[in-house]
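[1] No sequence on hand, only this structure:
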Ligand SMILES: Nc1ncnc2c1ncn2[C@@H]1O[C@H](COP(=O)(O)OP(=O)(O)OP(=O)(O)O)[C@@H](O)[C@H]1O
């Protein structure tokens, strides 16, 4: 993978999101006035109680609009100063559920986006091959390329999903609790892998997590949302170098940040969803 300078910004101004209420009467306000400016290359962690609207906010950054719902209800999302009105190819998303196709090999799963209308014909078959082989080597799956998802572990499946996202060389990588279903050791391996991939291929990462330790291990910036309807409860930078050591994780500075996050979540309904894995 080659390291190339990358520059992108996401500006969210006065964001309000309402959905039709489940009982069919009125609306449910999920996001209640968020202003946020993100710039890359950086890893931005979004933390907040379950259901507070993290995924909703993240989807807006990729221009994804739920069927029949005006998104955002109020406010404006800009990518590089240009209003984002639709799904765009600057952003790709990695989900907790991998979304790998069971009928395709690892190689074909990673190459899959290039078969879609948006990408078809944009790059040559030779470049597709070069990109897929390179990213599979980078995520440590070069020797698994002929296997199918059912033959892989959870961590390996998540590597496939990460490779499929990065093969597009996005300027924005949206990660919606990507490591939430993995065991602690695999989760740590994936965190180290993500840091290495981001170093090789800098981009703007927005990463949703329920885990305070994960936010502290990965984040250049930590944004804490309040319970629904979400506002920004806290927002701070972490300047420590990556990868962050065990000693750093146990330092007074880190414990103070951990305490700061937990304090801003203390009164949150549903804060039991927030975990601490150190
Ligand atoms: N398309 C939709 N239509 C109606 N309600 C929706 C829609 N999408 C999300 N919601 C509601 O908006 C709220 C916020 O959902 P969202 O998935 O953004 O929260 P979250 O913070 O990511 O949750 P979690 O941490 O549990 O994944 C929830 O109450 C959810 O039911």
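    Received it, and whenever you're ready, just let me know what you need. Note that the coordinates shown come from a computational prediction; the quantities given were computed from them, not determined experimentally.
[2] Skipping its backbone neighbours, what lies nearest residue 148 in space?
    Distances taken as C-beta to C-beta, 6 or more residues apart in numbering place residue 105 nearest to residue 148, at 5.9 Å, with adjacent residues excluded. For the C-beta atoms, the positions are set from N, CA and C on the backbone; glycine is no exception.
[3] Residue 171 now?
    For residue 171, ignoring the flanking residues on the chain, the nearest one in space by C-beta to C-beta, 6+ apart is residue 8 at 4.3 Å.
[4] Quick check: phi and psi at the one you found.
    Reported as degrees, to the nearest 10, the phi and psi values for residue 8 are phi -160, psi 150.
[5] Could I get the contacting residues of it?
    39-40, 79-80, 90, 171-172, 203-204 (C-beta atoms under 8 Å, 6 or more residues apart in numbering).
[6] So which of those residues are in strands?
    In strands, defined here by DSSP state E, the members of the contacts of residue 8 are 39, 79, 172, 204.
[7] Bridged to the third one, which residues?
    Beta-bridge pairing for residue 172 (DSSP bridges): residue 91, residue 204.
[8] and it, how far is that from residue 209?
    17 Å (C-beta to C-beta, to the nearest Å).
[9] next one: the first one
    Taking C-beta to C-beta as the criterion, residue 39 is separated from residue 209 by 20 Å.
[10] The closest residue to residue 104 other than its chain neighbours in helix, strand or coil?
    In this structure, residue 104 finds its nearest non-sequential neighbour in residue 112, 6.6 Å apart by C-beta to C-beta, 6+ apart. Classification of residue 112 by DSSP: H, G, I helix; E, B strand; the rest coil places it in helix.
[11] Can you check the pLDDT for residue 112?
    Here the pLDDT value assigned to residue 112 is 96.
[12] What about residue 51, how many residues nearby?
    Neighbouring residues of residue 51 were enumerated by other C-beta atoms under 10 Å; the total is 15.
[13] can I assume it is in contact with residue 229?
    No - between residue 51 and residue 229 there is no contact, the gap being 10.5 Å when judged by C-beta atoms under 8 Å.
[14] can you list the residues of the stretch 1-150 of the chain near the ligand?
    19, 30, 48, 50-56, 66, 69 (C-beta under 6 Å from any ligand atom).
[15] please redo it, this time with the cut-off set to 8 Å
    By the rule C-beta under 8 Å from any ligand atom, the part of the stretch 1-150 of the chain lying against the ligand is 17, 19-20, 22, 28, 30, 48-59, 66-67, 69.
[16] ok, and the closest non-adjacent residue to the residue nearest the centre of the chain?
    The centroid of the chain falls nearest to residue 175 when counting by C-alpha atoms, centre = their mean (1.7 Å). Sequence neighbours aside, residue 207 is the residue nearest to residue 175 in space, at 4.4 Å (criterion: C-beta to C-beta, 6+ apart).
[17] Could you pull out the buried residues of the one helix or strand the one you found maps to?
    Under the criterion of DSSP states H and E, residue 207 resides in strand 204-209. Neighbour counts over strand 204-209 (16 or more other C-beta atoms under 10 Å) mark 204-209 as buried.
[18] and the next helix or strand after it, what does it pack onto?
    Per DSSP H and E, strand 204-209 leads on to helix 212-218 as the next helix or strand towards the C-terminus. Other elements packing on helix 212-218 under the criterion 3 or more C-beta pairs under 8 Å, 6 or more residues apart in numbering; DSSP states H and E are strand 42-47, helix 184-200, helix 246-249, helix 252-265.
[19] touching the ligand at all, the helix or strand just after helix 212-218?
    Downstream of helix 212-218, the next assigned helix or strand under DSSP H and E is strand 221-225. Yes - applying C-beta under 8 Å from any ligand atom, one finds strand 221-225 in contact with the ligand at residue 225.
[20] what is the orientation angle of strand 221-225 with helix 252-265?
    20 degrees (axes from the mean of the first three to the mean of the last three C-alpha atoms, to 10 degrees).
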